[in-house]
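K.L.:
here is my input, please return the structure:
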Amino acid sequence: MTRNKQEHEKKEIDENLLYGHHAVKEALLSGRVNKLFFVEESRGKSLDELKRIAREKKVPVKFISKQKMDSLTNGAVHQNVLVSTQPFEYLELEELLAKTDKEQAFLIVLDSLTDPHNFGSILRTSDAAGVDGVIIPKHRAVGVTPTVVKTSTGAIEHVPIARVTNLTQAMKQLKEQGYWVFGTDMKGVPYQKWQTKGKIALIIGNEGKGMSQGLKKEVDEMITIPMSETSHVQSLNASVAASLLIYEVYRNRMNG
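P.N.:
Here you go, the predicted structure:
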């Protein structure tokens with residue numbers, strides 16, 4: 001076996017391991033768990049609950065040493081529980097659009113985000129505020145990893161995610177389906193004046209570079225988050241900015 005093939009297989013195994021109580025519970029309930037692992041002699045009501053769900057779902061349970069679990073999770077906080085899962089199933093864009101065919105659909109588009117913590121946090125906020133789906137690119141961007149799943153605290157199982165080859169082409173398809181596409185930029189309409197009615201898609205740019213130039217050409221309007229004149233930073237963290245804007249849409253729609 002070549003070194004590249006070994007590294008690829010290791011990456012696939014790593015991406016199909018989830019840990020932490022919330023992530024494991026949601027994965028069990030979703031029905032995509034192959035095997036459940038506990039640290040030997042671990043105890044607690046939360047672990048008993050996971051064992052019960054595993055029995056109901058007919059998921060095999062195995063006990064391993066803490067040293068082994070630490071090794072499998074690369075020393076992450078695993079809460080003495082780990083599952084091996086089937087690969088995460090992304091939707092095709094057409095499938096996502098079919099799921100979100102309604103007058104007030106709201107999609108989040110992540111333009112080459114690379115930090116799994118940002119991705120997981122955005123999924124968590126999206127689930128809390130009723131976002132209908134998330135679109136990510138297949139290349140040069142973070143996908144669904146154990147860190148994303150754990151950071152999302154289970155939201156990954158409830159927010160549909162489509163992965164596309166070309167984000168620019170995807171935005172063209174959204175427009176054909178009646179979506180208004182909004183981007184985020186230092187110069188634009190203050191988010192408090194954002195018209196959020198109808199079908200909308202909000203693009204969140206890369207942590208360092210922001211939105212790609214090609215994608216900016218597909219934007220109907222840029223939205224900005226005003227900052228203090230004394231601010232020493234040029235932009236907010238991607239997940240913080242996304243959360244603020246997502247809840248602005250939620251607030252507007254709750255108020256009619």
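K.L.:
now the strand or helix carrying residue 98, how far from the chain's geometric center?
P.N.:
Using DSSP states H and E, residue 98 sits in helix 93-99. Put simply, helix 93-99 sits 17 Å off its chain's centre (Cα atoms, centre = their mean, to the nearest Å).
K.L.:
give me the residues contacting that helix.
P.N.:
Taking contacts as Cβ atoms under 8 Å, 6 or more residues apart in numbering, the residues outside helix 93-99 that touch it are 91, 107, 132, 133, 135, 160, 162, 164, 170, 173, 174, 177. Using the backbone N, CA and C atoms, a C-beta is placed for each residue, glycine as well.
K.L.:
surely the second one is in a helix?
P.N.:
The reference is to residue 107. No. Looking at residue 107 with DSSP: H, G, I helix; E, B strand; the rest coil, it is strand, so not inside a helix.
K.L.:
now the contacts of helix 93-99 in CSV, with distance to residue 64 and neighbour count?
P.N.:
CSV is the format used below for the contacts of helix 93-99 (distance: Cβ to Cβ, whole Å; neighbours: other Cβ atoms under 10 Å):
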residue, distance to residue 64, neighbour count
91, 34, 18
107, 40, 24
132, 39, 20
133, 36, 22
135, 37, 25
160, 33, 17
162, 35, 21
164, 38, 21
170, 42, 25
173, 46, 14
174, 45, 23
177, 48, 14
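K.L.:
go ahead and confirm residue 47 touches residue 81.
P.N.:
Yes. If you go by Cβ atoms under 8 Å, residue 47 and residue 81 touch, sitting 6.4 Å apart.
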